[in-house]
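Q: Structure of the sequence below:
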Amino acid sequence: MKTNGIGRYRSLNSFVEAKIKAFGEQGTDFFSFFNMMFSEKENIMYEKSEGYMIKKITYKEAYESILKRAETLRGLTAGLSQNDVIGIHMDNSIEWIENFWSVIICGFRPLLMNLRLSHSVLEDALITCDAKMVISQKDTFSVKTVEPLDAAASPYEIKKDNVGTEVLIMSSGTTEHLKICAYSAEEFYYQICDSLQMIKECRQLKRHYEGNLKLLTLLPFYHIFGLAAVYIWFAFFSRTFVHLNNMQPDTIVNTIKRHKITHVFAVPLFWEKVYDSARKTIKGRGEKTEAKFEKAMAISEKIGDIPLIGAVFSRLAFKEVRENLFGESICFLITGGSAIRPEVLFFFNAIGYRLTNGYGMSEIGITSVELSGKKKILNSGSVGKPLSGISYSVADDKELLVRGKTLAKYIIEDGEKRNNDGWFHTRDIAECENGHYRILGRKDDIVITSDGENLNPNLIEPELQIPEANGVCLIGANEGNKKISVLVVSVRKFIPQKQFEKTDNAIKEKIREQNLTSRITKIVYTTDPIIKNDEFKLNRSRIAKEYQNGSLAVFVPDKTAWSDEEQDELMRKIKRIFAVSLDKSEDEVALDSDFFLDENGTSLDFFAMISKLQDEFSVSFPKTISDCPATLREMYNYITSQLSQPLN
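A: Residues are numbered from 1 along each chain as shown. Now for the predicted structure:
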C-alpha cells in the first residue's frame, strides 16, 4: 500500500527529497519553513480521542487557526519589538503547536519553557532571555502572562520580513547550570535534511500502517527530542500526531491501539517500565509459559539476523506478546536521552518491534540514530553513525566531540552568550567500533579514587542492581584529604529491620561477586529516590552534591508496627492495589510511606493505581497528582471520606 498524503509522488523517498529541495530553494527561514510545513493542507495533522469519537484536524485547519491566533497575539503585544522573547508554558497539544507558530509569524522568538523545572528556574530563564510575555496554561510569571491564544475573527497577514528568527530551548535541567540554546530555521533545515538520509538507510523508519504514519505525542515538544525528532522531523512532511490524554499506562496502550500509532519515541525510563511490566505478566502466567517464552527468545537471538527467517519467526512466535503490548501497527520505536538496559533493547527487537537508540542534546540537536538492520548492533546500545553534515571525534580522554550544521546557533549559560561553532564538548564518554558509536557515560561522573583508579558508574551500576532496592548510584566524594567512591542505595523510608538487613546483605554480595570490595569505599543508604520525578535520567552530580553537603536523606530504620487500621477490609483492598501498582509485595508497603518519595513510584504507576481505585470503589480523585493522597493512610482516609458522602 502506498503511503497516504504524498500527492503525485510515487514514493515517500521522492516526496521527501522534493520537499527538502523546495525548502532550500525558497530560503531557509521561518517564513518558508511555516509555509512548507503546512503545504499538504488536506493531510490529517492531529488526532485526539474525545469519548467515543476521534477528532481530526487537517493541516489546513491548523494553518487557518494559527493565523487567527496570531491576530489575537498582535493585539496583545502592542509596544513589543520584533524578535522580543515570548515564553510558551504549555503541555503537548494542538494548541501548543498553534501558539508556537503564532509567536513566530508575529515576529517574536518563542522560549520553550520546560514544565519539569521549578518556577524559580523558569523565572531565571525569563530574566536571562529578557522575555516580555508568557503564554501559560496554569501558572503566572513576573512578566505579562496570558492564557493560550484564542482565535480572532480575521486572520493575521504574514509578512516575510517580520517573521521571528529563532527558537529558544531550555536544557533538560540535569546539569548544574541552566542553558538556553538558540536555533534558527537553518539549523532545523539541516536536521530535516538528515531525515532523507535516514529513510534511505533504514526502510523501517518510513514504514506505515494502512497508508499512515502516526506519532504518539509522548515526548514534550519543549524538549529537543520532542521538538526535533518528533514534531519537526515529521510535521514538515505532513504526518499525523496523536494526542495523549494522560500518562496512565492503560491510556497509552489504548491510544496506540485505537489510533493505530506507527512511531513512538520515548526516554529509556518508559521502555524499561514497559519491559518490566511485560516480563512480570509473562512470569505470572506460570512456569510453562515463561519457559516457552525464554526458549523463543533464545531462538530469536540465534536467528534474528538471518534475512527473512529471523523476522518471520519473531512475527509469529511473539504475536500474543505484541497484542498485549501495543498491537501490530507499531513500525518504529526510538529511545534516547540516557543509557538503556541491554535486556530492554533485546526484548523489543526480539518480539518483532524495532527499538533503536539515538543521540542528541539540547545544545546540538539530534546528531545520530542507529540505522543498522542487524539486531546485534541494535542491542549493543549503539547510537549509530553521525548523520549527514555532522562529524564525531573521540578525544584522547574518550570525550565525544561534535560539530556540524545542526548545532544550536549560540548558547546562553550563566548569563554568558557564546557562539556554538567549532567542536562541541559533550562531556560524554564514547567509543567507536566499525563506525558505530556507543556512549559509555558522562565524563563528569567518572569516579577517581585516591589511588588513581577510575571507576565508570555506567558499567558498574547495572551489575549492582537488586530487587530489594529502589536503585543504586556510584559517586565520588571527598572525605578528609582522601577521594572515596560511595555507593548510594535507595531504600524505602519505612522498610522493616529484617527487610533492610536482607537488602544490605544482597548489596554486599553483589559487590563481592563483581570483585569491587576493595574499590567501593562506602555504602550509604538513602530514602531519597535515585531519579526524581522531574528528571528524565540519573543525575549523579546532584546526588554527589547532596551527599557532600549533607542534604541527602540518610536511611534510619523504622520499627513502627502497623496500626489496627490494617485489619480493616477496606484497608486490605487499598493496600493490595497500592502494592501491585508499585510492583511490591503487600508486606513491603508501610502505612505512612509516600508513594513517590519513599516508594519511588512514578507518575505512570500512580495514574495506574488511581484508575484501579476508581474502578474498585467508584470514587473520584483530584485531577493533579499534587492534590491526591500519597500515602496508604491518606488514601484510606480519603476513600473512607468519599464513601461516606451521600449520593447525589
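
Q: Tell me where the stretch 351-500 of the chain has helices.
A: 375-378, 457-460, 497-513 (DSSP state H, counting those that start in this stretch).

Q: Let me know the next secondary structure element after the longest one.
A: Using DSSP states H and E, the helix or strand that follows helix 497-513 in sequence is strand 522-526.

Q: that older thread, for residue 25, find the nearest of the helices of the stretch 351-500 of the chain.
A: helix 375-378 (36.4 Å; C-beta to C-beta). C-beta here means a position set from N, CA and C on the backbone, and glycine is covered the same way.

Q: related to what we said a few turns ago, tabulate the helices of the stretch 351-500 of the chain (JSON lines), appending distance to residue 330.
A: Below are the helices of the stretch 351-500 of the chain laid out as JSON lines (distance: least, C-beta to C-beta, whole Å):
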{"stretch": "helix 375-378", "distance to residue 330": "15"}
{"stretch": "helix 457-460", "distance to residue 330": "28"}
{"stretch": "helix 497-513", "distance to residue 330": "35"}
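
Q: Residues contacting stretch 316-327, please?
A: 253, 256-257, 260-261, 264, 274, 278, 281-282, 293, 296, 299-300, 328, 330, 350-353 (C-beta atoms under 8 Å, 6 or more residues apart in numbering).

Q: pLDDT averaged over that stretch, what's the number?
A: Here stretch 316-327 scores 94 as its mean pLDDT.

Q: What of stretch 400-413?
A: 95.

Q: Alpha carbons of that stretch, as PDB, please.
A: Provided in PDB are the C-alpha atoms of stretch 400-413 (Å, rounded to 0.1, in the frame of the first residue of the first chain):
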ATOM      1  CA  LEU A 400      32.900  12.700  22.400                       C
ATOM      2  CA  LEU A 401      33.200  15.900  20.400                       C
ATOM      3  CA  VAL A 402      30.600  17.000  17.900                       C
ATOM      4  CA  ARG A 403      30.500  19.600  15.100                       C
ATOM      5  CA  GLY A 404      28.200  20.300  12.200                       C
ATOM      6  CA  LYS A 405      25.300  22.300  10.800                       C
ATOM      7  CA  THR A 406      22.500  21.200  13.100                       C
ATOM      8  CA  LEU A 407      24.100  22.500  16.300                       C
ATOM      9  CA  ALA A 408      22.400  25.400  18.200                       C
ATOM     10  CA  LYS A 409      23.500  28.800  16.800                       C
ATOM     11  CA  TYR A 410      24.500  30.000  20.200                       C
ATOM     12  CA  ILE A 411      24.200  29.100  23.900                       C
ATOM     13  CA  ILE A 412      23.500  31.300  26.900                       C
ATOM     14  CA  GLU A 413      24.900  29.900  30.100                       C
END
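
Q: Pull stretch 229-246 out as CSV, backbone CA atoms only.
A: Backbone C-alpha positions of stretch 229-246 (Å, rounded to 0.1, in the frame of the first residue of the first chain) are rendered in CSV as follows:
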residue,chain,number,x,y,z
ALA,A,229,12.9,14.2,16.5
VAL,A,230,9.1,14.1,16.8
TYR,A,231,7.4,17.3,15.8
ILE,A,232,9.8,18.9,13.2
TRP,A,233,11.0,15.8,11.5
PHE,A,234,7.5,14.5,10.9
ALA,A,235,5.4,17.7,10.7
PHE,A,236,7.5,19.0,7.9
PHE,A,237,6.4,16.0,5.8
SER,A,238,2.7,16.5,7.0
ARG,A,239,2.4,13.3,9.1
THR,A,240,-0.1,12.8,11.8
PHE,A,241,0.3,13.4,15.6
VAL,A,242,-1.9,11.6,18.1
HIS,A,243,-2.7,13.4,21.4
LEU,A,244,-2.2,11.5,24.7
ASN,A,245,-4.9,12.5,27.1
ASN,A,246,-2.9,11.4,30.2
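
Q: Contacts for stretch 505-515, please.
A: 460, 463-464, 466, 468-469, 472, 487, 489, 517, 520, 523.

Q: Tell me which entries of the contacts of stretch 316-327 lie within strands.
A: Filtering these for membership in strands, criterion DSSP state E, returns residue 264.

Q: quick revisit: just the contacts of stretch 505-515: which has the poorest pLDDT?
A: Where pLDDT dips furthest among the contacts of stretch 505-515: residue 517, at 76.

Q: What are the buried residues along stretch 430-443?
A: 430, 436-443 (16 or more other C-beta atoms under 10 Å).

Q: Correction: the previous question concerned stretch 82-101.
A: 84-90, 92-101.

Q: Over to stretch 291-308?
A: 293, 296-297, 300-301, 304-305.

Q: lowest-confidence helix or strand of the protein?
A: When each helix and strand of the chain is scored by mean pLDDT, DSSP states H and E, strand 447-448 comes last, with a mean of 77.
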